[in-house]
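A.B. asks: Curious how this folds, go ahead:
(2 chains)
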Amino acid sequence: MKEYFRKYVTLRKHNAKVAWKKMKRSKMCYLFLAPYAILFAMFFIAPVVVSIFFSFTYYNILEAPRFIGLQNYISLILEDDIFLQAIKNTLMIAVITGPLGYIMSFLFAWLINELPRWVRSVAVVVFYAPSIAGNCFVIFSVLFRGDAYGHVNALLMNMGIIDKPILWLINPTYMLPVCMLVILWMSLGTGFLSFVAGLQGVDRSQFEAGYMDGIKNRWQELWYITLPNMKPMLMFGAVMSITQAFGVCDVTMTLCGYPSTDYAARTIVTHLFDYGYSRFEMGYACAIATILFLMMILCNKAIQSLLRRVGT
Amino acid sequence: MSKKIKKEKVEKEYRKKLIRRRKPNRSIAGDIFLYLFLAFVALVMAFPIIYAVSSALKPLDELFKFPPKILAQNPTLDNFSDLFVTMGKSWVTFSRYLFNTVFITAAGTAGHLMIASMAAFVLAKYEFPGGQTFFKLVTVAMMFTGYVTAIPNYLILNALGWIDSYWAIIIPAFASPMGLFLMKQFMEGLPTSLIEAAKIDGANEWKVFVGIVMPNVKPAWMTLIIFSVQALWNNKAATYIYSEEKKTLVYAMQQIQGGGIARTGQAAAVSVVLMAVPIAVFIFSESQILETMASSGLKD
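C.D. replies: Numbers count the residues shown, from 1 in each chain, chains lettered A, B, ... in the order given. Next up is the predicted model:
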């Protein structure tokens, strides 16, 4: 046992020495990496650590943070009904718009892949434009206006489906569906671009080999040739859609107001803003941020292990 | 037995013919159906944007017509000129807001391009202890939104004394993980022999980076620029910047949008002005962006 232990230590020492030598030799690399690494550590790694630290304290900026253990988490989950509502809304939005937006991105990228070149470029602009159009989605508040001047109301009334205008953005029953519609409209984002580019890069000869081996229709082609080739892009797209799906707040805040009626359109991020920037309960807000962080990372990991099995 | 062989032969002939056709495995009916479907979806996707543009062109009486019309009957540019009148009345001038946005966007993008490319270069082309781990950390950082780090970022920026200055927006934008990720993936496609040849000729790392690597990754530059411009141009900056004279154009314009029903036309005009820039930039650089995105896959 002692022998084994000594060997282990010697080995480790040796490894460390080798690594140290390597590090000395690649000084140049560290110099190149340093500016980015420092900023990245400052604005991406440190905030996560700081956030986890403050989530165990009571901190309101004016007084020094006071350690209170798990109290923040306990009150979040057991006492804060609005937070539970926010979690419910966020999950609803994420579960519906996330996968749907992801599938839409891939489906449209795949369908436009065979169009002639110039039609394809136009199609990419048309599909991608909503996600980069900034706050153009504000226009939906005109379309879904609560009085009879709103297009949706006017259309439904003319068709005789409803006899008085619906308050789309004020009535809690309709808020979330309208928001989901808008989010879906904006969901063909970076992942979509990645899919379009990836589909162009699939090797043609693989398809020809596939035809010889008896692939009969475009669905078989998709499952046996295209999807396995697209795996890295599928992973990247998944990361993008998950991040977006959990971070919803702009759309709900702009369309349904902040705070919205009965908190029916409150999401986790909105709750975070409320406590962080309106009430300055930083410790509590950090607890919310930490929960959101864990949800996003876990969901990403789960989806990635799922995607590894595609096409095998 | 011979029948089976014959059948296989026929099948093989058929398959060979299939390859010679321009589009194997596609039926005409299916194609037509798909094109119709795509045209319909494209119309639905484009509708809100078209509607925003047409609302911006509507005179006041048409905005409140019943039943509402989708396209403007007598298009005018009144809403745009009203917009400038409204902006002109605020005590911070329009040009100041514009300058703020342009400065933040330009400085943030330039720094991001430089810093991220340097890091991407060594991560893609050299092996050194910690390199892989660092890159993994960056990909993890892409998995959570900026909202998670918003509050601690505020505290950190506050400690640095950058709150209420342009740096609060510019410096964090330098470290955006997305840019590094795309740049690194693209640089991996560069042939290593190119770099080795230059080294044999006696160039040091910095010369290789500036003289050989950077000119060869121009498509990736464009992509980084686009993503960075999009993010910064649309940045409201309201949580980090308090002084009115340092606020961005987007913030100022959204104040107009919040002006209620009387400003519906102007609000639409604001949307059109704000979305014009990112969409125009995208149209000009689409092919280069797609070239970069081809290497964007997340391998494990």
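
A.B. asks: where's the spatially closest residue to A:Ser75 that is not a sequence neighbour relative to chain B, distance?
C.D. replies: Excluding the flanking residues, the one nearest A:Ser75 by CB to CB, 6 or more residues apart in numbering or on different chains is A:Tyr284, at 7.8 Å. (Each C-beta comes from the backbone N, C-alpha and C, glycine too.) Per CB to the nearest CB, to the nearest Å, A:Tyr284 is found 10 Å from chain B.

A.B. asks: Can you give me the neighbour number for A:Tyr284?
C.D. replies: Applying other CB atoms under 10 Å in any protein chain shown, we find 28 other residues in the vicinity of A:Tyr284.

A.B. asks: for it, what are its contacts?
C.D. replies: By CB atoms under 8 Å, 6 or more residues apart in numbering or on different chains, the residues touching A:Tyr284 are A:72, A:75-76, A:275.

A.B. asks: Which pair of these spans the longest distance?
C.D. replies: A:Ser75 and A:Tyr275 (11.3 Å; CB to CB).

A.B. asks: Looking at the two, which is more packed in?
C.D. replies: Shown here are A:Ser75 and A:Tyr275; by other CB under 10 Å, A:Tyr275 has more neighbours (22 against 14).

A.B. asks: Make sure that one is actually in contact with A:Cys286.
C.D. replies: No: between A:Tyr275 and A:Cys286 there is no contact under CB atoms under 8 Å: 9.1 Å.

A.B. asks: returning to what we had before: return the closest of the contacts of A:Tyr284 with respect to A:Trp168.
C.D. replies: Looking across those and measuring by CB to CB, the closest to A:Trp168 is A:Tyr275, at 28.2 Å.

A.B. asks: so the nearest residue to the closest one once chain neighbours are set aside is in which element?
C.D. replies: The shortest distance from A:Tyr275 to any non-neighbouring residue, by CB to CB, 6+ apart, is to A:Ala285 (4.1 Å). In this structure, A:Ala285 is located in helix A:282-307 according to DSSP states H and E.

A.B. asks: buried residues in that helix?
C.D. replies: A:282-293, A:295-297, A:299-300, A:303-304, A:307 (16 or more other CB atoms under 10 Å in any protein chain shown).

A.B. asks: same thing with stretch B:214-229?
C.D. replies: Neighbour-count burial for stretch B:214-229 flags B:214, B:217, B:219-229 (criterion: 16+ other CB under 10 Å).

A.B. asks: Quick check, pLDDT for residue 197.
C.D. replies: Here I'm looking at chain A. With respect to pLDDT, A:Ala197 scores 89.

A.B. asks: wrong one, chain B
C.D. replies: pLDDT recorded at B:Ala197 is 87.

A.B. asks: repeat for A:Tyr36
C.D. replies: In this model, A:Tyr36 is scored at 93, pLDDT.

A.B. asks: same check, this time on the one 4 residues further on
C.D. replies: According to the prediction, A:Phe40 has pLDDT 92.

A.B. asks: what number of residues lie near the residue in chain B that chain A sits nearest to?
C.D. replies: At 2.3 Å from chain A, B:Gly297 is the closest residue in chain B, using CB to the nearest CB. Number of residues near B:Gly297 (other CB under 10 Å) recorded here: 20.

A.B. asks: can you pull out the strands in the stretch 201-312 of chain A?
C.D. replies: Assigned by DSSP state E, counting those that start in this stretch, the stretch 201-312 of chain A shows no strands.

A.B. asks: For chain B, what's its nearest residue on it.
C.D. replies: For the stretch 201-312 of chain A, CB to the nearest CB, closest residue to chain B: A:Pro232, 2.3 Å.

A.B. asks: rewinding a little: helices - which of the buried residues of stretch B:214-229 land there?
C.D. replies: When those are checked against helices (DSSP state H), the matches are B:214, B:219-229.

A.B. asks: picking that back up, hang on, isn't the residue of the stretch 201-312 of chain A closest to chain B packed against B:Leu298?
C.D. replies: Yes: assessed by CB under 8 Å, A:Pro232 is found in contact with B:Leu298 at 5.5 Å.

A.B. asks: who's more crowded, these two?
C.D. replies: B:Leu298 (21 against 18).

A.B. asks: got a list of what the residue nearest to the more buried one when sequence neighbours are not counted touches?
C.D. replies: Of all residues not flanking B:Leu298 in the chain, A:Met235 sits nearest, at 3.9 Å (CB to CB, 6+ apart). Contact analysis of A:Met235 by CB under 8 Å, 6+ apart lists A:304, A:307, B:297-300.

A.B. asks: and of those residues, the nearest to B:Thr192?
C.D. replies: B:Lys299 (17.8 Å).

A.B. asks: Contact partners for the residue of the stretch 201-312 of chain A closest to chain B?
C.D. replies: Per CB under 8 Å, 6+ apart, neighbours of A:Pro232: A:198, B:296-299.

A.B. asks: For the residue lying closest to it once chain neighbours are set aside, give me the backbone phi and psi.
C.D. replies: Nearest non-adjacent residue to A:Pro232, counting by CB to CB, 6+ apart: B:Gly297, 2.3 Å away. Backbone torsions for B:Gly297, taken as degrees, to the nearest 10, come to phi -60, psi 150.

A.B. asks: and stretch A:103-119, what's its mean pLDDT?
C.D. replies: Stretch A:103-119 comes out at a mean pLDDT of 88.

A.B. asks: no wait, stretch B:163-172
C.D. replies: 88.

A.B. asks: With stretch B:144-154 instead?
C.D. replies: Stretch B:144-154 comes out at a mean pLDDT of 84.

A.B. asks: go on, stretch A:151-168?
C.D. replies: 81.

A.B. asks: can you tell if stretch A:11-31 touches chain B?
C.D. replies: Yes: using CB under 8 Å from any CB of the partner chain, stretch A:11-31 reaches chain B at A:19, A:22-23, A:26, A:28-30.

A.B. asks: In CSV: the residues you listed, plus pLDDT and distance to B:Gly88.
C.D. replies: Compiled in CSV, the residues of stretch A:11-31 next to chain B are given as follows (pLDDT from 0 to 100; distance: CB to CB, whole Å):
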residue, pLDDT, distance to B:Gly88
A:Ala19, 82, 63
A:Lys22, 80, 62
A:Met23, 79, 59
A:Ser26, 80, 57
A:Met28, 83, 54
A:Cys29, 85, 53
A:Tyr30, 88, 52
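
A.B. asks: quick one: which of these is most hemmed in?
C.D. replies: Busiest of the residues of stretch A:11-31 next to chain B [other CB under 10 Å] is A:Cys29, holding 22 neighbours.
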